[in-house]
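Q: Starting from these lines, generate the structure:
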Amino acid sequence: MKILLVEDEAKTADYLKQGLTEAGFNVSLARDGLDGLHLALEDQFDLAILDVMLPGLDGWQLLQAIRKQGCAWPVLFLTARDQVQDRVKGLELGADDYLVKPFAFAELLARVRVLARRGNTAVQDQLSVADLQMDLLAHKVTRHGQRLDLTPKEYALLELLLRRQGEVLPRTLIAAQVWDMNFDSDTNVVEVAIKRLRSKVDEGFEPKLIHTVRGMGYLLEDQTQ
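A: Sure thing, here's the model as predicted:
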């Protein structure tokens, strides 16, 4: 699935591109409205994520220009402007959804998947390793047929590990993806979350799937294969 991301704040843009890419999407990034319009007219996308306050063309002008060219793919606005009239304006111009900053990446990802299904775009809806299954549409995780009761953060952490299975993920990357881009990596929240997730995913089951690589990070892998 190809996503057009237009965001001028560098840290937010890089964070979103990395997160969406790791979630399995093909992301093209533009950092102003004119470059965003150029990409929109040069390529075919399945969905666009647009900031409202952009240099060159603002998000509203960019959306109007895209729609005038016959691009009908879903559009999600990201903006710090939370007034009702702003949201109404975006929707009246042809946006499909509106997310106010600051936002949780997990919510953005959920909205992207909803818009993708609405646009009849094929999106991966199952992740698995050994007898561990994650149903992304039903937001359900099972191991050996038994449903696992996960908190939202545990679910997000497990999804990241599943998408990057077999790869050692450092604490800083996990912190940025599951918590937020300004996360203080000196705390032990990652270790605590991994411990709690491991107790639910691995305790009472074989093979063990969540592994610690000392001094490097964590990985999810069926090491019996």
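Q: Is Thr224 within a helix or a strand, and which one?
A: Assigned by DSSP states H and E, Thr224 belongs to no helix or strand.
Q: Next up, the contacts around it.
A: Taking C-beta atoms under 8 Å, 6 or more residues apart in numbering, we find Thr224 in contact with 130, 207. From N, CA and C alone the C-beta is placed, and that goes for glycine too.
Q: could you redo the last one with a cut-off of 7 Å?
A: Thr224 makes contact with Pro207 under the criterion C-beta atoms under 7 Å, 6 or more residues apart in numbering.
Q: Could I get the full set of strands for the chain?
A: With DSSP state E as the criterion, the chain has strands at 2-6, 26-30, 47-51, 75-79, 97-100, 126-129, 132-135, 140-143, 146-147, 210-213, 217-220.
Q: any weak-confidence spans in this protein?
A: Within the chain, the ranges that satisfy pLDDT under 70 run 81-82, 84, 86-87, 90, 118-124, 180-186.
Q: Which residues are in contact with Glu167?
A: Residues in contact with Glu167 (C-beta under 7 Å, 6+ apart) are Leu219.
Q: And it, its phi and psi?
A: phi -110, psi 130 (degrees, to the nearest 10).
Q: Which parts of this protein are helices?
A: 10-22, 33-42, 59-68, 84-92, 105-118, 152-163, 171-178, 189-201 (DSSP state H).
Q: how about those, which one is nearest Gly215?
A: Between Gly215 and the helices of the chain, the tightest spacing by C-beta to C-beta is seen for helix 171-178, at 10.6 Å.
Q: Let's check: the centremost residue of this protein is which one?
A: Leu109 (3.8 Å; C-alpha atoms, centre = their mean).
Q: Quick one: neighbours of the closest residue to that residue other than its chain neighbours, just the number.
A: Of all residues not flanking Leu109 in the chain, Ala23 sits nearest, at 5.8 Å (C-beta to C-beta, 6 or more residues apart in numbering). Using other C-beta atoms under 10 Å, Ala23 is surrounded by 22 other residues.
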